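Enquirer: sequence first, predicted coordinates after that:
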Amino acid sequence: MSDPDLIDLQEVAPAEVGEIDLYQHRERIYTRKIEGFFQRIRLFTGWPLLLGYLLLPWISLDGRQAVLFDLPARKFHILGLTFWPQDFPMLAFLLIIAAYSLFAVTTFAGRIWCGYTCPQTVWTSIFMWLEQKTEGSRNQRIRLDKAPWSLEKAGKKIAKHGSWLFVGFVTGFTFVGYFYPIKELLPALATFSLSGWALFWVVFFTIATYINAGWMREQVCMYMCPYARFQSVMFDQDTLIVSYDKNRGEPRGSRKRDASPSALGLGECIDCELCTQVCPTGIDIRDGLQYECIGCALCIDACDSVMDKMEYPRGLIRYTSEHELQGGTTHWLRPRIIGYVVVLCLMIGVFSYNMVSRIPLELTVIRDRNQLYVTTDSGAIENIYTLQLVNMDTNMHEFEIEISGIDDAMIIGERVYTLDGGEVRAINLRVRAEPEQLDKPSTELNFRASATDMPSLQASSESRFMKPL
C-alpha cells in the first residue's frame, strides 16, 4: 500500500461520509410570504376549485342536489345526470381520462397540478395564510416558537389552531355533504340529531384536514403521495420544470447592489437564500431537480423580486427544460406529446359518444326456475317471469311491455306500467303460448319495454320459454 496515488479510506471516510437517519426528527419549515406573477395565477386556479368544492352541494338542479353520491340508493347525481351501478364502468372510464390528462400535462409542464390545483397544496396554502395572520411573519414565528410560554404566545397558538380546526370542520362537513343531503345535514347537526356514522365522518375528515394541511404539510407530498415517486417516468428533456440556471448564477456570493458581478468574479445569484425560505417543502432549488419540488413557482417569484432590486434580468430561476439549460431549445411538439393528445382525444370522443347514446332504461328478465312451466286446462303452456324495470331518467314515463320470438304468444295481465324518475319496479307476469307454436323444449323469447311518450327510450332482454318434453 505504498502507492502514493492510493487514498487511505479510513482517513477520508469520517470527513466525506455522513450517516442518514431514516427516522430522523422532522425539521419544521418556516415559509416566508412572497407575492409575484405566479402566485397571482394560483389565485385563479386554486380558489375557483375551492369555491366549487364548497358551493356545489348547496346548488340544486331540477329539485335535486347538484352533486350527490347517494350510496344507500346506489345513485350518483352529477350536474343533472344520474349514474347507476350499471354506469360505473363509465365513471371508471372518466377517472381514467382524468388520470391520463394528468400524465399528459405532467409530460408537458411537470408537476403543475401539484403546484397550482392539488387539494393538499390549496388547503396547505390556506393554513399557512392563517398561520401568518395569527402568528406573524417568518421571523416572528421563529421567535415565537423559541420564546417561553406566555399569555400572548398561548393566545396566538389558540387563534391559529382554532382557525385551522374551523377550516377543517368546513372541509369535513362539506365532504360528507356530497354523500348525505347537505340541506338536511346542517339542521341535523345544529339540533344534535345527526346519525352516529354521519357525525363520525364529519369529525374524521375535520381531523384529517387539520393534520394533513396544518401539521404534516410537505410530509404528505414527500412520503404519502405516490405521484412524487413516479413523476420522473413521465419527464423528458423538454418537460418544463422549475430550474436554477447555474450558468448565470454561479459562482454565487453576496455583493453590493451597484457592484459588477463580472468584476467580482461572481454570478448573478447573491446567495440571499430567499428561494429556500419561501419553499413549502424546504428544498434548495439551486441543488437541481428534486422529487420534493411541487412546481409551485414560489422560488421563481422570490428570485425575480431579488433580480428586480439588483437590476439583473429575471429568470435566474424559471420554468425551463433541460434542453434549454444545456444551451438548446425546447421542443414543444414531440412524439410523446402528440401521442398523448391523440389518445386523449380518442378517449374523450368514446366517452362523449357513450354519454350521448346512453339509454336511461334497463330491463332484466328472470324466469321462475322453481316451476319450469304450467299447463292450463285448455292445453296452453305458461311460463312465469320477473321483470326488473329501472327508469334511470329523471322524469316519469309510462312503459309498455311487449314480447316477440313466439307467434301468438301473449302476456297474461297488465302490460303498461308507470314509473317515476329513478324508480325501480319488479314486475311479475305470465306468458302463454300454444304447444303447436313451440317446436323445441326451449324457445328464445324477447322482452321489450318502451316508453309510450318517448319511443327512443326502450330496452330489451332475452329469456327462454320452456314446454314439456
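Expert: Here it is on my side, so go on. Residues are numbered from 1 along each chain as shown.
Enquirer: contacts only, for V416.
Expert: E398, F399, E400, I401, T452 (C-beta atoms under 8 Å, 6 or more residues apart in numbering). For every residue, glycine as well, the C-beta is placed using N, CA and C.
Enquirer: tell me which of the residues you listed fall in strands.
Expert: Members of those lying in strands (criterion: DSSP state E): E398, F399, E400, I401.
Enquirer: now these in JSON lines, please, with extra columns for pLDDT, distance to V342 and neighbour count.
Expert: Compiled in JSON lines, the ones in strands among the contacts of V416 are given as follows (pLDDT from 0 to 100; distance: C-beta to C-beta, whole Å; neighbours: other C-beta atoms under 10 Å):
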{"residue": "E398", "pLDDT": "95", "distance to V342": "45", "neighbour count": "13"}
{"residue": "F399", "pLDDT": "95", "distance to V342": "42", "neighbour count": "25"}
{"residue": "E400", "pLDDT": "94", "distance to V342": "45", "neighbour count": "13"}
{"residue": "I401", "pLDDT": "95", "distance to V342": "45", "neighbour count": "20"}
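Enquirer: wait, which of those is closest to C272?
Expert: Nearest to C272 among the ones in strands among the contacts of V416 is F399, at 73.6 Å by C-beta to C-beta.
Enquirer: so where's the stretch 51-200 of the chain shaky on pLDDT?
Expert: Within the stretch 51-200 of the chain, not a single segment meets pLDDT under 70.
Enquirer: and the stretch 251-400 of the chain, by the same measure?
Expert: Low-confidence segments of the stretch 251-400 of the chain (pLDDT under 70): none present.
Enquirer: which residues in it form helices?
Expert: Remark: helices assigned in the stretch 251-400 of the chain by DSSP state H, counting those that start in this stretch are 261-264, 274-277, 298-310, 322-325, 335-356.
Enquirer: for the last one, packing partners?
Expert: What it means is helix 335-356. helix 88-109 (3 or more C-beta pairs under 8 Å, 6 or more residues apart in numbering; DSSP states H and E).
Enquirer: how about the helix it packs on: buried residues?
Expert: L94, L102, A104, T106, T107, F108, A109 (16 or more other C-beta atoms under 10 Å).
Enquirer: wait, which of the helices of the stretch 251-400 of the chain is closest to F166?
Expert: Among the helices of the stretch 251-400 of the chain, helix 298-310 comes nearest to F166, with 25.5 Å by C-beta to C-beta.
Enquirer: so what does the strand or helix carrying A188 touch, helix or strand wise?
Expert: Using DSSP states H and E, A188 sits in helix 182-190. With contacts taken as 3+ C-beta pairs under 8 Å, 6+ apart, helix 182-190 sits against helix 151-177, helix 196-209.
Enquirer: so E402 makes contact with F447?
Expert: Yes: using C-beta atoms under 8 Å, E402 makes contact with F447 at a distance of 7.5 Å.
Enquirer: follow-up on the earlier one: nearest to Q290 among the buried residues of helix 88-109?
Expert: Nearest to Q290 out of those is T106 (C-beta to C-beta; 15.9 Å).
Enquirer: residue contacts, E292?
Expert: Applying C-beta under 8 Å, 6+ apart to E292 gives the contacts E218, C221, M222, A228, T281, G282, I283.
Enquirer: who wins for most neighbours among those residues?
Expert: Neighbour counts for the contacts of E292 (other C-beta atoms under 10 Å) peak at C221, which has 23 neighbours.
Enquirer: quick one: pLDDT of that residue?
Expert: If you check C221, the pLDDT there is 88.
Enquirer: over to G421?
Expert: If you check G421, the pLDDT there is 85.
Enquirer: same check, this time on H25
Expert: pLDDT at H25 comes out at 66.
Enquirer: give the pairing partners of the helix or strand hosting L457; include direction for each.
Expert: Per DSSP H and E: L457 is located in strand 454-466. Strand 454-466 pairs in its sheet with strand 442-451 (antiparallel), by DSSP bridges.
Enquirer: would you pull up how far the strand it pairs with lies from the middle of the chain?
Expert: The chain centre lies 42 Å from the centre of strand 442-451; the measure is C-alpha atoms, centre = their mean, to the nearest Å.
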